[in-house]
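Student: I need the structure of the sequence given here:
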Amino acid sequence: FKPLDTHGNVTTVETDASAALESGLTLGEAVRGYRFWILLLSILFAYQGFSGIGPNLLASLTDDGFAREHAASVQSVFGMSIIIGRVVVGYLVDRLWAPGVAAFCLAIPAVGAAMLHGEQTFGAAALAAFLIGFAAGAELDLMAFLAARYFGLAHYAKIYSILYATLAVCSGTAPMVFASVYDATGSYDLGYSVAAGLFMVSVILILLMGRYPTEYQGGH
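Tutor: Next up is the predicted model:
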């Protein structure tokens with residue numbers, strides 16, 4: 001029997017991996033392109049919604065008359081759906097056009113936020129929390145995937161750090177903004193309406209990303 005020659009296959013894999021790591025845009029090149037700003041703005045708007053709703057969900061539900069144990073149950077649904085969203089979307093982006101997956105994931109929390117506007121039943125609140133949590137869990141992984149796919153891996157860390165910093169700023173400021181809306185109006189309804197609108201703006205933006213670049217391998 002002739003021994004199986006795996007050296008050629010290993011060399012090819014190593015070459016492909018090396019090429020992927022060396023290809024891609026610099027931070028300056030990424031910033032000068034429209035896709036960087038589309039992705040950044042979609043993250044900015046989406047996380048204003050996610051980070052505004054998440055920390056205020058329990059208070060919102062109790063303000064609407066939910067018993068604390070029921071409100072806590074809805075909050076638990078929100079937390080569990082974050083994990084589910086990460087797993088499901090991680091599977092989908094390897095098989096489908098990632099901006100399309102992202103658009104779907106940004107549309108469903110708009111529905112969830114609209115459902116939380118005004119009075120709702122326990123079932124409706126739990127479903128709304130699931131939709132928002134699912135999308136929140138998916139969005140962080142989508143941001144990482146899209147950055148690699150559209151800007152490549154050569155300067156991925158620098159590009160991703162700018163995008164993540166935007167997310168971090170939103171995560172820190174949005175809860176206070178959402179709560180201040182309640183202080184000003186005596187209701188969380190306006191906050192939910194604004195969040196739904198922000199999610200839909202993010203949907204439109206992310207669909208403008210276009211086809212995957214072919215100049216480099218984009219980490220895929």
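Student: Tell me the pLDDT of the residue nearest in space to the middle of the chain.
Tutor: Nearest to the mean C-alpha position of the chain, counting by CA atoms, centre = their mean, stands Glu139 at 1.6 Å. Glu139 carries a pLDDT value of 85.
Student: I'd say it and Phe104 touch.
Tutor: No: taking contacts as CB atoms under 8 Å, Glu139 lies outside contact range of Phe104: 11.4 Å. Placement of C-beta: from N, CA and C, glycine included.
Student: Run a quick neighbour tally on the nearest residue to Arg35 once chain neighbours are set aside.
Tutor: Once flanking residues are discounted, Arg35 sits nearest to Tyr150: 5.3 Å by CB to CB, 6 or more residues apart in numbering. Neighbourhood size, Tyr150 [other CB atoms under 10 Å]: 26.
Student: gap between Tyr150 and Leu163?
Tutor: Going from Tyr150 to Leu163 by CB to CB, to the nearest Å gives 11 Å.
Student: got the residue ranges for the helices in this structure?
Tutor: Taking DSSP state H as the test, the helices found in the chain are 7-22, 27-32, 34-53, 57-63, 68-92, 98-115, 122-151, 156-185, 189-206.
Student: Output the ones you listed as JSON lines; include the columns distance to Glu215.
Tutor: Shown next, in JSON lines, are the helices of the chain (distance: least, CB to CB, whole Å):
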{"stretch": "helix 7-22", "distance to Glu215": "12"}
{"stretch": "helix 27-32", "distance to Glu215": "11"}
{"stretch": "helix 34-53", "distance to Glu215": "13"}
{"stretch": "helix 57-63", "distance to Glu215": "43"}
{"stretch": "helix 68-92", "distance to Glu215": "25"}
{"stretch": "helix 98-115", "distance to Glu215": "18"}
{"stretch": "helix 122-151", "distance to Glu215": "11"}
{"stretch": "helix 156-185", "distance to Glu215": "15"}
{"stretch": "helix 189-206", "distance to Glu215": "21"}
